[in-house]
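Trainee: sequence first, then the predicted structure, then my questions.
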Amino acid sequence: MPVEPIPCAPGGGGDPGTSCCAPSIASVPLCREDGTPLLLVLRSACACDGAEAAPPEVAGWIDPTTGAFTDGPPPAGAVPCGSDGREDCSTVSLLRLCDQADGGCVPFLRHLVHDCDGIVTTSTDTAEDGITPYTPVGQVVDCQVCEEQCQPTVLCPQLLGISGPDSWSMPEGTESVAVTVACGPVTITDCAGNATVVNECGTAFQWAAPPSGCQPGALCAPFTVDLPEGAAVYINFLSPCDQDGDVS
């Protein structure tokens, strides 16, 4: 399963760039001398331009009963289950699932150990690196289902020209705002209560909130722009639309 693609060097003069593979993580069941299983985590190497990849290397091992990852080789005496006279035929499958909570989806890996009849005996969750233990906090769903259920909020742009004396308050849920001072002085007050007086004409400022999952971000409020007599500004902002497509 791909984990993190290795960036390829860009081509020069229009020639194609270097073609690289992506490393992957796999887990293989082993058994200790007492028959208890563990998961050996293997990380594949990567090769570019058709070169032969090096054999997979051991990243560490996972104790399925605790989910704890240990860096380095497995414990002494651990061998493939079913060998060395140990009556076991465990297999492991790797699932990519998503933890759906607070409107977002966090992908993770679930390592399932099966017995000879295909029944799951242990289940261990890790981050997508296959190493870091992970504990879901929301509903565990298929990632495709999670992405289909995500419906981003539609935003509408609006441009305002305001002259003083007047005051503008940013609508709730605004994702970004840009203020251009046509004529000062103009007082801009952020949500922390910091008031800044801008006297220079032509000065511009902009703010944007990072997204949260598939939802747009929202700047903290209140955010106001105050204009005395003779002052003027242009304000461009993105805010949620109402059902008719107008700014709410």
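Mentor: Received, thanks. Residues are numbered from 1 along each chain as shown.
Trainee: which residue is nearest the middle of this protein?
Mentor: Here the mean C-alpha position of the chain is nearest to the C-alpha of Val106 (C-alpha atoms, centre = their mean), at a distance of 6.6 Å.
Trainee: would you confirm that it contacts Asp99?
Mentor: Yes. With contacts defined as C-beta atoms under 8 Å, Val106 counts as touching Asp99 at a distance of 4.4 Å. To be clear about C-beta, it is placed using only N, CA and C from the backbone, and glycine gets the same treatment.
Trainee: beyond the lowest-mean-pLDDT helix or strand in the chain, next helix or strand please.
Mentor: Sorting the helices and strands of the chain by mean pLDDT, DSSP states H and E puts helix 143-149 at the bottom, at a mean of 72. Next in sequence after helix 143-149, counting helices and strands by DSSP states H and E, comes strand 155-163.
Trainee: what lines up beside that next one in the sheet?
Mentor: Using DSSP bridges, the strands paired with strand 155-163 in its sheet are strand 232-240 (antiparallel).
Trainee: what are the contacting residues of the strand it pairs with?
Mentor: Contact partners of strand 232-240, identified using C-beta atoms under 8 Å, 6 or more residues apart in numbering, comprise 153-164, 168, 170-171, 173-183, 186, 216, 225, 227, 247-248.
Trainee: next: stretch 61-77.
Mentor: The contact list for stretch 61-77 (C-beta under 8 Å, 6+ apart) reads 27, 30, 32-33, 36-41, 58-60, 78, 111, 113, 122-126, 131-133.
Trainee: now it: buried residues?
Mentor: Trp61, Ile62, Asp63, Pro64, Gly67, Phe69, Pro74 (16 or more other C-beta atoms under 10 Å).
Trainee: outline the domain layout of this structure.
Mentor: According to automatic domain parsing, the chain comprises the domains 25-149, 155-240.
Trainee: what's the least confident stretch among the ones you listed?
Mentor: Here the lowest mean pLDDT among those goes to domain 25-149, at a mean of 76.
Trainee: now it, how far from the centre of its chain.
Mentor: The gap between the average C-alpha position of domain 25-149 and the chain average comes to 21 Å, counting by C-alpha atoms, centre = their mean, to the nearest Å.
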